[in-house]
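[1] prediction below, plus the sequence it came from.
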Amino acid sequence: MADQDNFDRVNDGGYCGRILKGNFSETLKKRVSDYIAIFQKFNTLGNPIIPYISAWSEISHSDIWFEFAGSRLFNLLNCDPCDAARMFGRCVTTRCSFGDQADNDLAREILSAQEIKAIRQKLRWESQEKGAVEAVYQLALPSGKSVWLKDQATVEHYESDNICLSLGFLTFVTREMNAAELKIRTNGEQQQYKILLENQIRQQNKKIWQLQLDIMYRLTQVSELRDAVTGYHITKIGHYCRVLGKSAGIRGNKLKLLYYASPLHDVGKIGIDEAILKKPEKLTPFEFEQMKTHTMIGAKLLSGNNSDLLKIARMMALSHHERWDGSGYPFGLSRQEIPLVGRIVSICDVFDALTSERPYKKACRMDASIAEIERGRGKQFDPQLADLFLKNIPAIKKVQEHFN
């Protein structure tokens, strides 16, 4: 009976396969014949799925051929049944295979027609090893239209015949794939817009940063004009603070902020009477009380903006005269109550004041200045920062030499 079925299939004008009329095992021929009989029941033009049986030889590595395919495929490709496999291969423009993700819009692998041709044998081996095929093909039809077909099939290997069979169905998924493609394209456009926006924000931030630096530079210039003797003091402080800050473990943007903000620690002196600033003698208690207000004036001048740069500068202006033992001003803070940046500036400020000439004093020698920092350790200064400062005296000397 099986032989008669095979004879009928071969003599059917629609049969364009090779197995039923070739020198193959009866087992393989019966399998093909049985599935042709089953798939013919699905072969109606109104059926949304297209059944097929395809095959390929492991020896000749020839093109895949159809043992059977639904009539709808021939109509779609506008070709003779015996030319369907060749036309299908010619029409394929894209092959997508998908992973097991819940979101099936995420393709695991997307191949162009050229790439498919280059790795055709590899794809066959993979499907043979897995025993299944699941992929989506985009076809550019002779009519000019584009469709997507989902291929789901079982792959069987007949070792004695060196033949592989693919038994499956093609399903139209054009609407779903177009929606997925639109989603990917939309996401891509959103990503491009996001990148563009981020670049614009980055450029704007650079402009704002530069504007802040310009404002701060101008403020330090005003300080230098009012107190020319201490002008270089303002500049050196930034370099001293960077050396000490780096040694204390400050890195990256925080170190950059420390360097740029520290020259403004004395900006409040803009509000101090020039006669007090330039007085060659020791200040009277009243004058000293006036001088002490430069911390509050500086903080007020630097308020009203919450940028990181100005926040740190404000903190420095307000806290650089606080002392580790709590005897400083304006609030009498002690130990860790004093912000780290204030403790750093405090040491650098005093050291530079000691080693610089003032209207009321001459510059101290380096050894005397170092001794003063040692004496202030644990009293005026954070002891750990004082130790780090003294450890970095060679770098501090280089800054001094540069500006002197």
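    That came through, no problem.

[2] what about the helices in the stretch 1-150 of the chain?
    For the stretch 1-150 of the chain, the helices defined by DSSP state H, counting those that start in this stretch occupy 2-11, 26-40, 71-77, 84-91, 113-118, 120-130.

[3] can you tell me which of the ones you listed is nearest to residue 264?
    helix 113-118 (60.9 Å; C-beta to C-beta). No exception for glycine: its C-beta is placed from N, CA and C like everyone else's.

[4] what helices or strands is that closest one leaning on?
    Counting by 3 or more C-beta pairs under 8 Å, 6 or more residues apart in numbering; DSSP states H and E, the packing neighbours recorded for helix 113-118 are strand 92-98.

[5] kindly recompute the last result at 10 Å.
    Under the contact definition 3 or more C-beta pairs under 10 Å, 6 or more residues apart in numbering; DSSP states H and E, helix 113-118 sits against helix 84-91, strand 92-98, strand 107-112, strand 132-140.

[6] check contacts around residue 323.
    329, 332-335, 338, 343, 346, 376, 379-382 (C-beta atoms under 10 Å, 6 or more residues apart in numbering).

[7] tell me the pLDDT at it?
    Turning to residue 323, the model gives it a pLDDT of 92.

[8] so it is in which element?
    Here residue 323 is covered by no helix or strand, with elements defined by DSSP states H and E.

[9] highest neighbour count among the contacts of residue 323?
    residue 346 (26 neighbours; other C-beta atoms under 10 Å).

[10] OK, contacts around the closest residue in space to that one that isn't next to it in sequence?
    Leaving out its chain neighbours, the residue that sits closest to residue 346 by C-beta to C-beta, 6 or more residues apart in numbering is residue 320, at 5.2 Å. Counting by C-beta under 10 Å, 6+ apart, residue 320 touches 237, 262, 265-266, 295, 298, 328, 338-339, 341-350.

[11] quick one, phi/psi of residue 320?
    Here is the backbone geometry of residue 320 (degrees, to the nearest 10): phi -70, psi -10.

[12] could you measure from it over to residue 330?
    11 Å (C-beta to C-beta, to the nearest Å).

[13] can you check residue 115 too?
    For residue 115, the distance to residue 330 - C-beta to C-beta - is 72 Å.

[14] residue 253 contacts residue 308, doesn't it?
    Yes - if you go by C-beta atoms under 10 Å, residue 253 and residue 308 touch, sitting 7.8 Å apart.

[15] give me the common contacts of residue 320 and residue 330.
    residue 295.

[16] how about residue 238, secondary structure?
    Put simply, residue 238 is helix when judged by DSSP: H, G, I helix; E, B strand; the rest coil.

[17] what about it, neighbour count?
    20.

[18] so what's it up against?
    Counted by C-beta under 10 Å, 6+ apart, residue 238 has contacts 220, 258-265, 345, 348, 399.

[19] distance check, residue 292 against residue 378.
    Taking C-beta to C-beta as the measure, residue 292 falls 23 Å from residue 378.

[20] also residue 16?
    Counting by C-beta to C-beta - residue 16 and residue 378 are separated by 97 Å.

[21] neighbour count winner among the two?
    Between residue 16 and residue 378, counted using other C-beta under 10 Å, residue 16 has the larger neighbour count: 17 against 13.

[22] right, and the more buried one touches residue 55 too?
    No - counting by C-beta under 10 Å, residue 16 stays clear of residue 55, with 11.6 Å between them.

[23] would you map the strands across the stretch 151-300 of the chain?
    With DSSP state E, counting those that start in this stretch as the criterion, the stretch 151-300 of the chain has strands at 163-172.

[24] just for it, where's the confidence low?
    Low-confidence segments of the stretch 151-300 of the chain (pLDDT under 70): 180-198, 200-202, 204-234.

[25] tell me which residues of stretch 252-263 are tucked away?
    Of the residues in stretch 252-263, 255-263 count as buried by neighbour count, 16 or more other C-beta atoms under 10 Å.

[26] looking at the contacts of residue 323, which are in helices?
    Of the positions in those, 343, 346, 376 sit in helices, assigned by DSSP state H.

[27] how about residue 169, what does it touch?
    Residue 169 sits in contact with 39, 42, 47-52, 70, 149-153, where contact means C-beta under 10 Å, 6+ apart.

[28] off-centre distance for stretch 148-162?
    42 Å (C-alpha atoms, centre = their mean, to the nearest Å).

[29] do the same with stretch 326-346
    39 Å.

[30] quick one: end-to-end distance for that stretch.
    Distance between the two ends of stretch 326-346: 13 Å, counting by C-alpha to C-alpha, to the nearest Å.

[31] quick one: contacts for residue 55?
    Shown in contact with residue 55 (C-beta under 10 Å, 6+ apart): 17-19, 24, 28, 32, 64-68, 85, 156, 158, 161, 163-167.

[32] switch the cut-off to 8 Å
    Residues in contact with residue 55 (C-beta atoms under 8 Å, 6 or more residues apart in numbering) are 17-19, 32, 64-67, 163-166.

[33] can you pull up the bridge partners for it?
    For residue 55, the beta-bridge partners are residue 65, residue 165 (DSSP bridges).

[34] look up how far residue 48 lies from it.
    Taking C-beta to C-beta, one finds residue 55 at 25 Å from residue 48.
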